[in-house]
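sequence and predicted model, in that order:
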Amino acid sequence: MARIDVRHRQGTFRTPIVLASGPAGFGVELSGSLDFRAIGALTTKTITREAREGNTQPRVVDAPSGILNSIGLENPGLEAFLRDVLPRIRSFDAVRVVSLAGRTPEEAASVAAELDGEAGVDWLELNLSCPNVRGETVADRPEQVSAYVEAVRNASRCPLLAKLPASDNLPALVGAALNAGADGLTLINAVRGLRIDVEVGRPFLARGTGGLCGPAILPIALARVFEVRRAHPNALIVGTGGVTCVRDAIEMLCAGADLVGVGFGVMADPASVFALAAGLESWLDARGIRDVKELVGAAHRGGFRVL
Amino acid sequence: MARIDVRHRQGTFRTPIVLASGPAGFGVELSGSLDFRAIGALTTKTITREAREGNTQPRVVDAPSGILNSIGLENPGLEAFLRDVLPRIRSFDAVRVVSLAGRTPEEAASVAAELDGEAGVDWLELNLSCPNVRGETVADRPEQVSAYVEAVRNASRCPLLAKLPASDNLPALVGAALNAGADGLTLINAVRGLRIDVEVGRPFLARGTGGLCGPAILPIALARVFEVRRAHPNALIVGTGGVTCVRDAIEMLCAGADLVGVGFGVMADPASVFALAAGLESWLDARGIRDVKELVGAAHRGGFRVL
Amino acid sequence: MDDKSRRHVQAAQDGPSFLVRSGSIAEAHRGGGYVRLRVDLATDLAAPQPGQFLMIRFPWGPALPRPFSTLSAQDGEIELLIKEDGLLREALAAAPCGATLEVRGPYGVPYADRIDRGRQYVLVGGGSGVAPLLHFAHAFPNLVAAMALGFRTGGARRLLPEADIAVEDETAETAEDRLHAAWQDGLGVIACGPEPLLAKVARAQRENAAAYVSLETRLGCGFGSCLGCSIPTPVGLRRICYDGPLFACSEVPWLE
Amino acid sequence: MDDKSRRHVQAAQDGPSFLVRSGSIAEAHRGGGYVRLRVDLATDLAAPQPGQFLMIRFPWGPALPRPFSTLSAQDGEIELLIKEDGLLREALAAAPCGATLEVRGPYGVPYADRIDRGRQYVLVGGGSGVAPLLHFAHAFPNLVAAMALGFRTGGARRLLPEADIAVEDETAETAEDRLHAAWQDGLGVIACGPEPLLAKVARAQRENAAAYVSLETRLGCGFGSCLGCSIPTPVGLRRICYDGPLFACSEVPWLE
Ligand SMILES: Cc1cc2nc3c(=O)[nH]c(=O)nc-3n(C[C@H](O)[C@H](O)[C@H](O)COP(=O)(O)OP(=O)(O)OC[C@H]3O[C@@H](n4cnc5c(N)ncnc54)[C@H](O)[C@@H]3O)c2cc1C
Ligand SMILES: Cc1cc2nc3c(=O)[nH]c(=O)nc-3n(C[C@H](O)[C@H](O)[C@H](O)COP(=O)(O)OP(=O)(O)OC[C@H]3O[C@@H](n4cnc5c(N)ncnc54)[C@H](O)[C@@H]3O)c2cc1C
Ligand SMILES: Cc1cc2nc3c(=O)[nH]c(=O)nc-3n(C[C@H](O)[C@H](O)[C@H](O)COP(=O)(O)O)c2cc1C
Ligand SMILES: Cc1cc2nc3c(=O)[nH]c(=O)nc-3n(C[C@H](O)[C@H](O)[C@H](O)COP(=O)(O)O)c2cc1C
Ligand code: FES
Ligand code: FES
């Protein structure tokens, strides 16, 4: 039986499958019927210092092979998270990554500081790329990324992921995040997109654009992970975007991801996401590949070896 | 009957439908069976000074709701174009846009100069965004765009479109192109993407990444056209990316396109592309909208008015 | 899809069902822009209660399944009433018998668990919104005072032999008219249908504690985790898919 | 897809056909990882000649139709032999009778227009590549000296009652073995099948001016304009979909 656990100096993930921030909420609805041992980590919905109402309806618009989402960081705020949500998350048998955002580096750092040392907060993910809120944590310049990561890094000892957008500038943003002390990267967030209601000629979403996610963005996410892996051979990468089946996950690993994030797939068919790890294991076994590690970044080495 | 012709100071397009550069080749195969009066313009495959072999097989890889293409600017070169291709294009009853590229601004300008004044060359399109050739005409900085557009502008009196990528930087690139004398913009080219052959763990395409096109990128193209239209209320925009049916074309017009480019759709179902204009006309008639112009940019004005 | 093993996941018993069942279109009746489908389910499904919905797609797509209320549900068999408008619904309407569907659920709070069961109700509905109301009427005849169901045209009548529907194009009568005709003090209302109809009911019945509307929006997950369907209520944000789809008119003051 | 008017385009007569015909799966036989489909075409189609192909998809997708050679073609009816492997092909194999297809074409140069018709040929094929060869043998029996068709397993045998196939898993005999057995000087070869088989034939027959291989790649348009299928030949770039799919072994020196 192939090994599919992912060993990292800051902890081990039982499988390479990560529930991406957002679609799984805080995991509460899923936990009633699905076994978290099938996933490596749960990333929470992004939390902020104060509660947020999020955007008005509609928040989901259909797109070819995906959707535009415009949730807008609805969340109960830090205090309610600590009081009501964290106690439930503590019992989940998987690494728990708490996603956070802030309007300023200081605000993000203050959230990180209060989470520091709490049981059930295994990793932090700093959301620097939400396409659905205006004028805050969308970091498209390296200086912004540095400032945020540094502030959060200094506020918490938790291992830290920086979640970045599919920017042209991604290699520079990644460099900034790693230099500022991020332990890893989550690539990519949803891609800015628009749909128009042709009955009236206006955008469906109140904010105009939303975040494109789902299979449509798989090739884009693969390209970005591939490019970042080439530039940063040792960074921990959670490759996220458009993965819905075992084959997609294998492509993401070969492109250079250590862990594979799934967002849209959780909305579309959660059970299939919880079956990915087992499917991956059988796939490896069928090829005599002993450790999922052998797939990671294989596309940079001319492919993997089949026994 | 609604008007669907597009009047521009540099000429009139019979319909808003433009065959995007590439998938339609030089229009020769299509012209045998389809009536060019159904389209506003044919954009040729991009030509270069010297003939190009393009990339090795495979050049097309499936992707959710689209493909990655990696043609790599295969073309017969300027001389053969003038000798063998242009005479056939002259007879097509639609505006003919000749797409060109060059390794340097000077090379592009020299191609433009030789096309200047040739019958059958109604517009030029300067391809500044091919994702499938290395180190040449991918202009991702405003200075590059300025230099190319200025050089071509000075070499030819033909009306000129600048074809730009879905870059984060797009508003700045557009500003540079318009300031340097472009008469309009074609937005967007294919989006960089990757697919990996999971049987071997290597990218399908020899160059690694390719250009994602087809319905998958429709929301991305709509967002970019929307943003550029907001910044440049008077620029001529050929909105291109993922359009395959009348509804998509209407979305593109409402987002701000004056003309609607179709690439992938020509490969998938050419007859349907030649039926778009008629479909658009019926759609307008059913709503009592008298001129397609009323749709253009409607999303920026709170929608269109139905009689 | 190409991953055969994804069906092998184990589901525990104490949460919503995430297993994707395979369904097969067994019978289809079309008319008036609607189609009534009978779907055989290969495996058991906790029978959806009236007001609950299933998330459905074909194996080929769309990528995100869509919610459909049941018109009836019994061992291994469900019926749906579908408006032929939209990507999946047009494909459902055009599919041959034998075509395979992917079905997960049921989700949402059954109407019967949400309402005051000490009352009788007028069921007000239009278009595909009549489906959960007919399901409810069949399951809880004692809770139903009257039906007030309307369609624009008469084409759908033969799909619904069990219902007496008002057809606006024929008699100028609407669901709302029937609600007025049946109205008596003390009754409750359950409305499901196009938003303008719900808005009228909500406006008229805001003070009636037993007046409910069944809301629709574009869902994401369908089981409460993605927050795609959040709406504001006086007591905070609520999820249509998880806390609804039925809401008291007093909870949706913005609906007018 | 949702645009009803797109079928109304007029096509002239002197170029390739771009009209999208509606087809309906009338019969399906499955075995050994293959499926043989009979498809009824609602409207007339210029009957595909052996070696030509059709671009096919379902109304729902995939976005880009895929090429399939015909196994037989006569008024309003075609047969296909499909390997159950890949997005569209697995969906084709799983589709119920009555399912609707979109079909355009035919495209490509008929084998008979490409070869030296003064010769007789051994037809060498494997897997779904036997389809155009059987079509050719049926249409031009006089041009066929022998058939050398092979499958890995015997499961597909009952799909092809008209063919005598070598089954490697049963008798260790391959298509290539049959080619050797049938070989006589002066014969031509037409090969269609997996690339390793074509490469072997090409290597062995490079000097034979009447040796041809039917090439495959991932197509784009199918009618010659997108350059998705360009390959180098000693006389310049050629398009598999438009100049092929059949090429003389001498034209593809890189195939080995
Ligand atoms: C709890 C619940 C129960 C439901 N039960 C039923 C039911 O029993 N029967 C039923 O028929 N429906 C029901 N619905 C509604 C149904 O799920 C949605 O309408 C769903 O989106 C249909 O999917 P579709 O793919 O057919 O349409 P989609 O393609 O998702 O389109 C949805 C609507 O938007 C329109 N549209 C799409 N794109 C555009 C565009 N660019 N511009 C303008 N308009 C556009 C379509 O024409 C259609 O009217 C229910 C919804 C909910 C929330
Ligand atoms: C002229 C011509 C005639 C043809 N005739 C026939 C015919 O008669 N019968 C027939 O069966 N085929 C035929 N083909 C081949 C067929 O058109 C192609 O194989 C086509 O791509 C099948 O489409 P699909 O959607 O089923 O497979 P696709 O999903 O396009 O996949 C194609 C292949 O790639 C594999 N694949 C997909 N994604 C990945 C990945 N990420 N990693 C590794 N592998 C992957 C699939 O398993 C499959 O084997 C013909 C091709 C040509 C050019
Ligand atoms: C409904 C929804 C909500 C999301 N919310 C968040 C969020 O709160 N924080 C975040 O970092 N990303 C959020 N995302 C982005 C996903 O985590 C992921 O990066 C993106 O959707 C691409 O992956 P996918 O194609 O697998 O969905 C959200 C995505 C969706 C679809
Ligand atoms: C096969 C193919 C070849 C292309 N060749 C060119 C080209 O030569 N020059 C160019 O500017 N764009 C080229 N493009 C890009 C298209 O013109 C278009 O910008 C892009 O594909 C997005 O539009 P679509 O989704 O409608 O295809 C090509 C696209 C495809 C699919
Ligand atoms: S649709 Fe996901 S929470 Fe309701
Ligand atoms: S597939 Fe388009 S030219 Fe051959």
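Here it is on my side, so go on. Ligands and ions are numbered 1, 2, ... in the order given.

what segments of the chain are helices?
As the question left the chain open, I've gone with chain A. For chain A, helices defined by DSSP state H occupy the ranges A:28-31, A:77-80, A:86-89, A:105-115, A:142-155, A:170-179, A:218-231, A:246-255, A:264-268, A:270-274, A:276-286.

sorry, I should have been clearer: chain C.
C:87-94, C:111-114, C:130-139, C:168-171, C:175-182, C:195-205.

what about stretch A:174-189 and chain B, any contact?
No - against chain B, stretch A:174-189 shows no contacts by C-beta under 8 Å from any C-beta of the partner chain, the least distance being 11.8 Å. All C-beta atoms are positioned from the backbone trio N, CA, C, and that covers glycine.

got the end-to-end distance for that stretch?
This stretch, stretch A:174-189, spans 14 Å end to end (C-alpha to C-alpha, to the nearest Å).

kindly report the same for stretch C:247-256.
14 Å.

distance from the chain centre to it, please.
In terms of C-alpha atoms, centre = their mean, to the nearest Å, the centre of stretch C:247-256 is found 18 Å from the chain centre.

ok, is it in contact with ligand 5 or not?
No - Stretch C:247-256 is not in contact with ligand 5 by C-beta under 6 Å from any ligand atom; minimum separation 13.4 Å.

what does that stretch contact?
C:195, C:198-199, C:201-203, C:205-206, C:208-209, C:211-215, C:231-235, C:238 (C-beta atoms under 8 Å, 6 or more residues apart in numbering or on different chains).

now check that stretch, is it near ligand 1?
No - applying C-beta under 6 Å from any ligand atom, one finds stretch C:247-256 out of contact with ligand 1, separated by at least 11.7 Å.

touching chain B at all, stretch A:196-210?
Yes - contact of stretch A:196-210 with chain B (C-beta under 8 Å from any C-beta) involves A:196, A:198, A:200, A:201, A:202, A:203, A:208, A:209.

span of that stretch from start to end?
First-to-last distance for stretch A:196-210 - C-alpha to C-alpha - comes to 11 Å.

dump the helices of chain C to a markdown table, plus mean neighbour count.
Below are these laid out as a markdown table (neighbours: other C-beta atoms under 10 Å in any protein chain shown):
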| stretch | mean neighbour count |
| --- | --- |
| helix C:87-94 | 19 |
| helix C:111-114 | 18 |
| helix C:130-139 | 24 |
| helix C:168-171 | 12 |
| helix C:175-182 | 18 |
| helix C:195-205 | 19 |
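
and the residue in the stretch 51-200 of chain A positioned nearest to chain D, how far from residue C:117?
Among all residues of the stretch 51-200 of chain A, residue A:64 sits closest to chain D, at 7.6 Å; criterion: C-beta to the nearest C-beta. The gap separating residue A:64 from residue C:117 is 45 Å, by C-beta to C-beta, to the nearest Å.

count of neighbours near residue C:24?
15 (other C-beta atoms under 10 Å in any protein chain shown).

now do the contacts for residue A:25.
Counting by C-beta under 8 Å, 6+ apart, residue A:25 has contacts A:44, A:45, C:224, C:225, C:226, C:227.

pick the one among these closest to chain B.
residue C:226 (18.4 Å).

and the gap between the closest one and chain D?
Distance, residue C:226 to chain D, using C-beta to the nearest C-beta, to the nearest Å: 24 Å.

nearest residue to that residue other than its sequence neighbours?
Distance criterion C-beta to C-beta, 6 or more residues apart in numbering or on different chains; nearest residue to residue C:226, sequence neighbours excluded, is residue C:220 at 3.9 Å.

swap in residue C:24?
Nearest non-adjacent residue to residue C:24 (C-beta to C-beta, 6+ apart): residue C:40, at 5.0 Å.

looking at the residues of stretch A:196-210 next to chain B, which are in strands?
Cross-referencing the residues of stretch A:196-210 next to chain B against strands under DSSP state E gives A:196, A:202, A:203.

is it correct that the last one is in contact with residue A:193?
No - because the distance of 10.5 Å does not satisfy C-beta atoms under 8 Å, residue A:203 is recorded as not touching residue A:193.

those two: which has the busier surroundings?
Neighbour totals were compared for residue A:203 and residue A:193, and residue A:193 leads with 29 against 26 (other C-beta under 10 Å).

geometric centre of chain C: which residue is closest?
By C-alpha atoms, centre = their mean, chain C has its centre lying nearest to residue C:69, at 3.1 Å.

now for it: which residues touch it?
Contacts of residue C:69 (C-beta under 8 Å, 6+ apart): C:51, C:52, C:53, C:80, C:81, C:128, C:131, C:132, C:135, C:192.

return the residues of the stretch 201-307 of chain A in contact with ligand 2.
A:247, A:251.

show me the contacts for residue A:174.
Counted by C-beta under 8 Å, 6+ apart, residue A:174 has contacts A:162, A:164, A:185, A:187, A:228, A:231, A:232, A:235.

shaky segments in the chain?
Went with chain A since none was named. Filtered on pLDDT under 70, chain A yields the residue ranges A:131-138.

meant chain C, my bad for not saying
In chain C (pLDDT under 70), the answer is C:1-15, C:45.

biggest strand in it, by residue count?
Max-length strand for chain C by DSSP E is strand C:21-31.

pretty sure residue A:56 contacts residue A:204?
No - judged on C-beta under 8 Å, residue A:56 makes no contact with residue A:204 at a distance of 11.6 Å.

re the thing from before, residue B:6: which of the ones in strands among the residues of stretch A:196-210 next to chain B is nearest?
Of all these, residue B:6 sits closest to residue A:196, with 19.1 Å by C-beta to C-beta.

fine by me, we can end here.
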